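>>> Pasting the sequence and the predicted model now:
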Amino acid sequence: MKLQFLRRVKMKSLLKKSFACLLLLLLGAFLGIYLQRNDSIKIYINSLLEEGILSYARSTDFNDVENSKVNLLEVRSIELSRDSDTYDTEIDSKYILRKREFNQARAAIILIDIWDTSKEPNDGFKERHESFVLNKIVPLINLARKHKIQVIHSPHSSPISKHVLIEPQDIVLEVDNLPFQMQSLYLHNLLKERGISTLLYAGNSTHKCLFDRPDGIYGMRKLMDDFILVRDATMAFEYHTTLEGELVKNVFTNYIEESFGTSTTINDLNMSLLSPESP
């Protein structure tokens, strides 16, 4: 009798535990479905995650870089015309050219989506991209390596162009399996470890990947303060109304120059690195 009683007690206890586990599973499934369908909850959770990442990322300073040379680099920004005292229009907006300090030891060039386009179905874009890589990206990489500027490749799980040679000292980002915020944080930590505080952006496509990726300008905007777009080392997949004059690329270049940083050119970068001029 006593043994039967103990068995009944154990069975009841097991049933209670099983029932509790089932309730937890159902509750978890319900919450998962609810969170997937409720945009406001997702936005709130994402904002909490982002704030936590930002707090962690900004809690330590970038590593010091010793014996680094500082030159002057010409950069461009755009100033919108908003003069309340005179009659002006959008056409009165203007470019602002200035020389800023540029520390090559604290700089890195990040190449966004310099893909192998050998299987690209759009023949015109394929030809433009091949020319772009050979005449802009390869010289930019060679310039960076000559002056020991860190080169970072960010191909986002696609093959890199066969015209781009990967050197042992290069960084190749392969973090597409991580959540977006963690991809941004991963790059930020790599830069911190190397004392890099200035990011020069080049690649494809100006208005999408280069700007919008987690390691792009918008994705890194809250983690970094110093962005320079190499404006003649970027291109966009244009539309039929924008191909002539590369209007999409140019408009987004202006948007970056207005709201996120400055731009320079390969030639200006070369002149800065060759010049003995110091601030």
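Happy to help now that I have it. Residues are numbered from 1 along each chain as shown.

>>> For the stretch 151-279 of the chain, which segments count as strands?
171-172, 198-204, 227-235, 262-264 (DSSP state E, counting those that start in this stretch).

>>> what's the third one packed up against?
Contact analysis of strand 227-235 by 3 or more Cβ pairs under 8 Å, 6 or more residues apart in numbering; DSSP states H and E lists strand 70-79, helix 123-132, strand 198-204, helix 247-259, strand 262-264, helix 266-274 as its packing neighbours. C-beta: built from backbone N, CA, C; applies to glycine.

>>> Let's have these in TSV, adding mean pLDDT, distance to residue 148 and mean neighbour count.
TSV is the format used below for the helices and strands packed on strand 227-235 (pLDDT from 0 to 100; distance: least, Cβ to Cβ, whole Å; neighbours: other Cβ atoms under 10 Å):
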stretch	mean pLDDT	distance to residue 148	mean neighbour count
strand 70-79	96	13	18
helix 123-132	97	25	15
strand 198-204	97	14	25
helix 247-259	97	26	18
strand 262-264	98	18	22
helix 266-274	96	10	18
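
>>> So which of those is nearest residue 25?
strand 198-204 (45.0 Å; Cβ to Cβ).

>>> Can you check what angle separates the closest one from helix 266-274?
150 degrees (axes from the mean of the first three to the mean of the last three Cα atoms, to 10 degrees).

>>> and strand 198-204, what other elements does it pack with?
strand 107-112, helix 209-212, strand 227-235.

>>> go again using 6 Å as the cut-off
On a contact count with 3 or more Cβ pairs under 6 Å, 6 or more residues apart in numbering; DSSP states H and E, strand 198-204 meets strand 107-112, strand 227-235.

>>> Turn those strands into TSV, including distance to residue 260 and mean pLDDT.
Formatted as TSV, the helices and strands packed on strand 198-204 follow (distance: least, Cβ to Cβ, whole Å; pLDDT from 0 to 100):
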stretch	distance to residue 260	mean pLDDT
strand 107-112	14	98
strand 227-235	6	98
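
>>> Next up, the contacts around the closest residue to residue 262 other than its chain neighbours.
In space, and not counting its chain neighbours, residue 262 is closest to residue 75: 3.8 Å by Cβ to Cβ, 6 or more residues apart in numbering. With contact taken as Cβ atoms under 6 Å, 6 or more residues apart in numbering, residue 75 is in contact with 100, 262, 264.

>>> just to confirm, which helix or strand has the first one in it?
Under the criterion of DSSP states H and E, residue 100 resides in strand 94-103.

>>> CA atoms only for that strand - export them in PDB, please.
This file holds the C-alpha atoms of strand 94-103, laid out as PDB (Å, rounded to 0.1, in the frame of the first residue of the first chain):
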ATOM      1  CA  LYS A  94      27.100  75.300 -52.200                       C
ATOM      2  CA  TYR A  95      30.000  73.000 -51.500                       C
ATOM      3  CA  ILE A  96      32.400  73.800 -48.700                       C
ATOM      4  CA  LEU A  97      36.000  72.700 -49.200                       C
ATOM      5  CA  ARG A  98      38.300  72.700 -46.200                       C
ATOM      6  CA  LYS A  99      41.500  71.000 -45.100                       C
ATOM      7  CA  ARG A 100      41.300  68.800 -42.000                       C
ATOM      8  CA  GLU A 101      43.800  66.800 -40.000                       C
ATOM      9  CA  PHE A 102      44.200  63.300 -41.300                       C
ATOM     10  CA  ASN A 103      46.100  60.700 -39.300                       C
END
